[in-house]
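S.K.: missing the sequence, but the structure's below:
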């Protein structure tokens, strides 16, 4: 009873209300809509959010991501088959690992299908592929993803970075040019 009327649910309701208001405001100002971008590639971990900030500063709106460090885990519920400890542990493990579409865990076709699905569902106008230096899996898949997105007429830009380098002027210029191209 105390939890239901406590501070966390109150703050959660306030956040939901604010986000719904922002959504209504966006839909009423569709003429001023920002270019919609799907973010994929190497994970982005705290505190290295430079590429996210640069995309927003360039005028883009990140509408979906397909990263092991992103929102994928939010869309997969925990499903318990039976009320046993083994079933609960298995469900928790599935919840943590199955949503990940890292190239070392899923086939390239499954990954491309997931990108298509996300791009279509989020109405993305372009794709930003983040390649972290020495994250070879995402580097090796880049040509396949680029070809697949080109086949769907979705522009793609690849940003190669290292921890601490995403805020560079070169990256900023490239992202600004990409966003301008999406606007045009």
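M.R.: On my side now, so go ahead. Nothing here was measured: the structure is a model prediction, and the numbers come from that model.
S.K.: Could I get the full set of helices for this protein?
M.R.: In the chain, the segments counted as helices under DSSP state H are 7-28, 50-57, 85-97, 108-122, 136-151, 169-183.
S.K.: Give me the residue at the spatial middle of the protein.
M.R.: residue 65 (1.3 Å; C-alpha atoms, centre = their mean).
S.K.: Is it in contact with residue 42, as I believe?
M.R.: No: the criterion here is C-beta atoms under 8 Å, and residue 65 misses it with residue 42 at 11.6 Å. Every residue, glycine included, has its C-beta placed from N, CA and C.
S.K.: Show me the shaky parts of the protein.
M.R.: 1-5, 26-32, 47, 69-76, 97-100, 163-167 (pLDDT under 70).
S.K.: still on that earlier bit, excluding sequence neighbours, find me the nearest residue to the residue nearest to the centre of the chain.
M.R.: Once flanking residues are discounted, residue 65 sits nearest to residue 39: 4.3 Å by C-beta to C-beta, 6 or more residues apart in numbering.
S.K.: same deal with residue 92?
M.R.: In space, residue 92 is closest to residue 78, 6.4 Å off (C-beta to C-beta, 6+ apart).
S.K.: Just give me the neighbour total for the one you found.
M.R.: Applying other C-beta atoms under 10 Å, we find 11 other residues in the vicinity of residue 78.
S.K.: all numbers from here: first residue = 33
M.R.: Sounds good: first residue 33 from here, last item residue 110.
S.K.: Let me know whether residue 126 touches residue 111 as I believe.
M.R.: Yes: the pair residue 126 / residue 111 is scored as a contact, 7.3 Å apart, by C-beta under 8 Å.
S.K.: And those two? Which one has more around it.
M.R.: residue 126 (14 against 10).
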